[in-house]
Every structure is written in structure tokens, then in C-alpha cells.
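Novice: mind looking at a prediction? Sequence and model below.
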Amino acid sequence: MSTLSRAIYFAVSLTISLAAPAQGALAQIAQQKTSATAPAKTATDSFGRETPYGTVFGFLEAAQSGHYGVAAQYLQMSAARRQTEGEAMAEKLKVVMDRAFAGSLKHVSTQPEGTTQEGVSSDRQNLGTISSGDVDVELQLARVSDPAAGKIWLISSDTLTKIPELYDQVEARQVETRLPAWIVKHQFEGMPLWQWLALILLIPVAGGAGWLLLVVFQIPLLWWARRHGQPELLQWRSVSGPAWLLAGTLVHRILAAYLGMPLLQRHYYVQVTTVAVIIGANWILWRVIRWFLQRVRSRALARGHGGTGSLMLLGERMVKAVLVIMATFSILGILGFNMSTALAGLGIGGLAIGFGAQQTIANLFGGVSVLGDEVIRVGDVCRFGDRTGTVEDIGLRSTRVRTEERTLLAIPNGTVATINVENLSRREKMLFKTTLGFHLDTSSDHLRMVLSEIRRVLSGNPKVETASVRVRLIELAAAAINVELVCYILTQDFNVFAEVREDLLLQIMKFVEDSGASLASPSQKLVFSGDSATDKSSAREAAQKFADSIERDHTRTEKDPAKQRD
């Protein structure tokens, strides 16, 4: 969106917001007026004077509409005096409040009892000072008993005694004497047309001043960033949009203070500009948090800390959600909504959601636990219970795993945090373990020779960890003589492990066959050899030949120094 488009959009929004009546005040007054017609156990006031808020805004609404007879009902005076002087006094009070009131209406109490003020009796409320020239008076409300409406708040008689004198002190603005009469005389929503035009014309002026302030601020910032080698500060342009909104709004508010807007419109204008300031400030904070957490996440991923990176992403989303909620509540509070009720409802609703979504919350905290511990990472091959697969994603609710059957398995994070998880990708070496069953007729000397040769084969492979080689006779079973082979293969790749394992098993099978030994089958007692004397004799001859060949190999190795070194 261009700067001109933003300025036009802000102007239209500001105009509509200022022209519309305050929803909080009107809603409360309308509710109070409606409740007056409904049957109730206690008396209610048709003018909405049960609270200080209703009295002040009811008076201003009536006076702004030109209904000075209604506005006089908010003044503390006798019925006879109200009949003769009420309208004139209401008109003068409206002018004095618009031009000389130095307080703020955003803290006017909405409670029937008012707000406790130090040094002020419980039936009085001081709202601010009206001052003009050498005359000043406290704008004060008094709580009185009305025979028809019960306890109500009225603008006190002590304040009204000073209003004629203050009215004489209030002079017409110099700017109004130099403007055409029609633009000063005619009003829209209780405010002269010249002030509306001035507010609109101040928008591009404030926008330009805000842009100029950002440019002035940019020059020393960029110079310092280049001088000290801080390239990340050069990314400040990502917050230039919300910073321009914030600066322009503040400048507009400063300039608008010289227009002397009527009190009610001034109150609405302050609300609108405060909302814009809150939006701009939270917008800047949003982008700063995003930039900071993304930077931390990138550093964590660069160092291989995938879990920390995922936690930063989760933290970014949660912080943004909290930021939006806080900004929303702040805006609603500025607009006059009762936030105590909303906060209580939010607490009760949160408690109900907590009870109804226990498993979801368990999965959320389980995901945080999994990501924080970094037990598993995306791309790791893991075993979850009896299922094995590759981790494809670790979300807030579940962890998705691609199984060996190429199916996609979703495991709730609450389950992942409680079950045993084996990370197969974190192995620095892989275990090779198997059991060989030899025929029962194999002699002890023959078996000892075979075991020695198996140890030599395992230790001679460069992929096998020599210190972990273990070849031992473990059992004399009814069907076979069982020998256990254990060693670690120095690789993390399963394909390499399978290749080395296959090569070792083939070598073992070859020299077992060459030695004349027999491997027992799980379902049969004897394999590769018979019970006849001829078969036994052939096996002994083969074993002798195999032993002679091994002895010759060792002899040649001892005589040849080069082979010894190999």
C-alpha cells in the first residue's frame, strides 16, 4: 500500500470514528433508559444518571444535540430555577467545558457509588478543572436523592455558580474570527466544519512529519550500524511501516490539541488515536519479536539444534498470540468496555477449555518436551515401541513418522513423551550379533580351530571394531553346538552395515565348508554330513587339509616380513 493510500485510509477511518457516537456511552445510556420502562424492584432514572459516567455523557450528548432542556436535567438546581435558567445554564456549561476543561473523561466512574477519591466525600466526584483567565473551578458531581429516581448524580451547584463568570472569560478563538462565517456556524456531529476540515488536512501534514522524523532517525542508525559491523540493524525497514503510523499519529495528536475541539469529540478523538498508537506499538513489537526469534532459530538450525529451532517457532506463535490478545483487551478497555467481566469470562472459559481439552494440552506439552530434549529430530530413524520409521515432522499435536512399509504414522506427542523411543540415527556404530549352530559330531579341536579362524576373519575386516570382537561357545544344545558371534561395525549407514555383515557371513560359511565342519539346521539335527564312517572319514580329511592350509599360511606370513607388516 502506497503512502498516499495509507493516508487516505487513515483519514476515512478517523472521520468515521469521530462521526460515530461512542458505543460504550450510548450503549450504557440506552440500556439504562430501556431498563426504566421494564418492571423492576427499584426505581431507575430515565436519564441514566445513576452513575457519574451516565451523567457526564448524558449531559454532553443532550447539549451537543441542542436539547438544552434535557441537558438541564443533569444540573443540581431547584425545579423553579431549572425552569427559568436551566437551558441557558446548560448552554453556557457546554461552551465552558468544550473550551476550558483541562481534565479527561476516560476515567469517569461507571459504578453507581463512584470512585473513592482522597480528600473528597463519598457523595462527590471531582472530574477535573475548568480554567479560563484568572477564574477556575472544579468540575464536580454531587450524589443526591430524587423522589422518583432514587440516588442520582448531578453536576454540583458549587460548579454552576462559577459558570457565568467563566463564560464571560472564554473568548472566541482568533482563528474563528478570520474564517468564513458559514464554516464556523455550521456544525456536523456537534463540531464546527472548520475543525473537521482541519483534522483531515492535518493527516497528510502529520504523515509527512512522521516520515521526516523516521528519515532523521535513520541517518545516525545506519551510520552506526555500518561503522560497528552490525548488518542486522540495517533491517530496521521492516518496522518502518508501523513506525510511520505511530509517529504520524503522535504528531497529529499534538497538532490537533491546538484546534480546541469540543469536549465530547475530543474524548472520541483521543480514543481513536490511542487505538492507533496501540496498533502501531504492537505492530512494531510483533515484527521485532519475529525478527529476533527467527534469528535465534536460524542460529540454532545452523548449529544442528533442530529441536531448539522448532521450539523457537512454537515460541514465536505463542508470543504473537499473547500479543494479539493483550492488544485486543487494551483496545476494548480504551473504547470503554468493562474488561473485568471479560477477564473473568476468559478465566472461566479457559478453565472449561482446560478440562475439555486435557489430551490436547498434554500433546502440546509433550511436543514442547520432545523438542526441548532433542531426543528426536526430523530425518532421524527411530523406533517407537514396535514400530520403526523416519521422522518427517514434529508438530504441536503429533509426530509424523514414515514407516518401513512407506505408510505415514501419526503418534500423539503425549504418547511420544511417555513411551520408550530409540533413536537409531544417533548410533556411532552398529551391533553385529548372530549365533552359529555346529553339528554335534564336531570335535573340540576342530571347533577350537574354527572359532580361531572366525576371530581372525572378524578382526581382519577394517570396518569391524577389533576390541569388541567376541566369538565364544555358549551352549551345548540337543540339536547343535551353539557359538555366539558379537562385534561392532564402524558405520552409521545401515546399507554399509548390511554389506559388511553379508561379506563376513559368506567368509565364515566358506571356511566352515572348507574345514569339513557342518552347520546344524533348526529343524534337523544334521546337515551336510551323514552318519556313515565314510562321511566321518571324509570330514576328518577335509579338516586336516584345512588345518594344513592354515598352518602353511601362517608359516609364509612369518617368513615374509612384508606380509607381516601387512
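Specialist: That came through fine.

Novice: tell me where the longest strand sits in the protein.
Specialist: When the chain is parsed with DSSP state E, its longest strand is strand 135-146.

Novice: which elements pack onto that one?
Specialist: helix 52-64, strand 124-132, strand 150-155, helix 157-160, helix 163-169 (3 or more C-beta pairs under 8 Å, 6 or more residues apart in numbering; DSSP states H and E). For the C-beta atoms, the positions are set from N, CA and C on the backbone; glycine is no exception.

Novice: helices of the stretch 451-566 of the chain, residue ranges please.
Specialist: According to DSSP state H, counting those that start in this stretch, the stretch 451-566 of the chain carries its helices in the segments 494-515, 533-559, 561-565.

Novice: can you pull out the low-pLDDT segments for the stretch 151-300 of the chain?
Specialist: Where the stretch 151-300 of the chain drops to pLDDT under 70, the residues are 171-178, 221-222, 224-239, 300.

Novice: all helices for it, in order.
Specialist: 157-160, 163-169, 174-177, 181-185, 193-227, 240-256, 263-302.

Novice: out of those helices, which is closest to residue 120?
Specialist: Judged by C-beta to C-beta, the one of the helices of the stretch 151-300 of the chain that comes nearest to residue 120 is helix 157-160, at 12.2 Å.

Novice: which residues are contacting the closest one?
Specialist: With C-beta atoms under 8 Å, 6 or more residues apart in numbering as the test, helix 157-160 has contacts from 75, 76, 77, 89, 93, 130, 137, 138, 139, 140, 142.

Novice: cutoff 7 Å now
Specialist: The contact list for helix 157-160 (C-beta atoms under 7 Å, 6 or more residues apart in numbering) reads 75, 76, 77, 89, 137, 138, 139, 140.

Novice: can you pull the buried residues of that helix?
Specialist: 159, 160 (16 or more other C-beta atoms under 10 Å).

Novice: closest one to residue 46 out of the contacts of helix 157-160, please.
Specialist: residue 75 (16.2 Å).

Novice: that closest one touches residue 155, doesn't it?
Specialist: Yes - between residue 75 and residue 155 there is a contact under C-beta atoms under 7 Å: 5.3 Å.

Novice: returning to what we had before: quick check, nearest of the contacts of helix 157-160 to residue 213?
Specialist: Looking across the contacts of helix 157-160 and measuring by C-beta to C-beta, the closest to residue 213 is residue 139, at 35.7 Å.

Novice: and the nearest residue to the closest one once chain neighbours are set aside, how many residues sit next to it?
Specialist: Nearest residue to residue 139, sequence neighbours excluded (C-beta to C-beta, 6 or more residues apart in numbering): residue 127, at 4.6 Å. Neighbouring residues of residue 127 were enumerated by other C-beta atoms under 10 Å; the total is 22.

Novice: how close does residue 127 sit to residue 514?
Specialist: 109 Å (C-beta to C-beta, to the nearest Å).

Novice: next one: residue 44 from residue 150, what distance?
Specialist: Residue 44 is 8 Å from residue 150, by C-beta to C-beta.

Novice: neighbour count for those two, which is higher?
Specialist: With neighbours defined as other C-beta under 10 Å, residue 44 and residue 150 compare such that residue 44 has more, 20 against 14.

Novice: which SS class is the more buried one?
Specialist: Per DSSP: H, G, I helix; E, B strand; the rest coil, the local secondary structure of residue 44 is coil.

Novice: now swap in residue 393 and tell me
Specialist: strand.

Novice: how much space between it and residue 462?
Specialist: 38 Å.
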